[in-house]
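Peer 1: Sequence first, then the predicted structure, then my questions.
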Amino acid sequence: MTSPAAPMHIVAMGVSATGKTSVGERMAEKLGIEFVEGDTFHPENNIEKMSEGIPLDDDDRRPWLEALADVIAASEAANSPVLVTCSALKRAYRDILGEGVGERRVFFVHLDADFDVLLARMGQRTKHFMPASLLQSQFDTLEPLEADEFGIVIDVEPPLDEVVRAAVAAVRVQLGG
């Protein structure tokens, strides 16, 4: 994954309950790259707000996004590919994540499904700081990938293995095989 045209870094993105962690871990394993769980970089006050059902605003998200951008930039400097999970709901957030690396060095895998599918998934979770009450706010904030952004949209309604296969295949197309 080190050719100049290759997407060296991957962000598994999407609203809550799309399976960013499950898909991201399996993708990273299949691609042989490092996996970083983006939620572990949230400042404690962000987790407290979300746990209380209060949506994050841009000011809340900025330190988190900058910390993840630092992870990606450090991986770029080390010439070591990384897959990071991050909701990356807005274009501006995705732009922050790509700061410090060359153009088209971050490939976004937007994990996507209908609201009702994801709401049902959230109801089945045993523990997660994000309550189902915040799902609508994430959909309201979400700006889909634009035509000029380096990425792909993957439907996460199929079984996990199918989703992972589709996501890995999309990345490999970008790698030229």
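Peer 2: Right, received. Where do you want to start?
Peer 1: Packing partners of the lengthiest strand in the chain?
Peer 2: Ranked by residue count and defined by DSSP state E, the top strand of the chain is strand 106-112. Judged by 3 or more Cβ pairs under 8 Å, 6 or more residues apart in numbering; DSSP states H and E, strand 106-112 is in contact with strand 9-13, helix 20-31, helix 91-98, strand 151-155, helix 160-174. For every residue, glycine as well, the C-beta is placed using N, CA and C.
Peer 1: starting at the chain centroid, how far to it?
Peer 2: Relative to its chain's centre, strand 106-112 lies at 6 Å (Cα atoms, centre = their mean, to the nearest Å).
Peer 1: same check, this time on stretch 58-69
Peer 2: Mean C-alpha position of stretch 58-69 versus that of the full chain (Cα atoms, centre = their mean) differs by 13 Å.
Peer 1: go on, stretch 98-106?
Peer 2: 15 Å.
Peer 1: and it, which residues are buried?
Peer 2: By 16 or more other Cβ atoms under 10 Å, the buried positions in stretch 98-106 come out as 98, 100, 101, 105, 106.
Peer 1: now stretch 22-35
Peer 2: Within stretch 22-35, the residues that count as buried by 16+ other Cβ under 10 Å are 22, 23, 24, 25, 26, 27, 28, 31, 33, 35.
Peer 1: can you put those residues in CSV and add distance to residue 172 and pLDDT?
Peer 2: Compiled in CSV, those are given as follows (distance: Cβ to Cβ, whole Å; pLDDT from 0 to 100):
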residue, distance to residue 172, pLDDT
22, 20, 96
23, 15, 98
24, 16, 98
25, 18, 98
26, 14, 98
27, 11, 98
28, 14, 97
31, 8, 95
33, 12, 96
35, 17, 98
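Peer 1: re the thing from before, mind giving me a markdown table with the buried residues of stretch 98-106 and columns for distance to residue 123?
Peer 2: Shown next, in a markdown table, are the buried residues of stretch 98-106 (distance: Cβ to Cβ, whole Å):
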| residue | distance to residue 123 |
| --- | --- |
| 98 | 34 |
| 100 | 38 |
| 101 | 37 |
| 105 | 37 |
| 106 | 32 |
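Peer 1: and which of those residues is nearest residue 152?
Peer 2: Set against residue 152, the nearest of the buried residues of stretch 98-106 by Cβ to Cβ is residue 106 (12.7 Å).
Peer 1: that older thread, of all the helices and strands packed on strand 106-112, which lies closest to residue 117?
Peer 2: Within the helices and strands packed on strand 106-112, the stretch nearest residue 117 is strand 151-155; the backing value is 9.6 Å (Cβ to Cβ).
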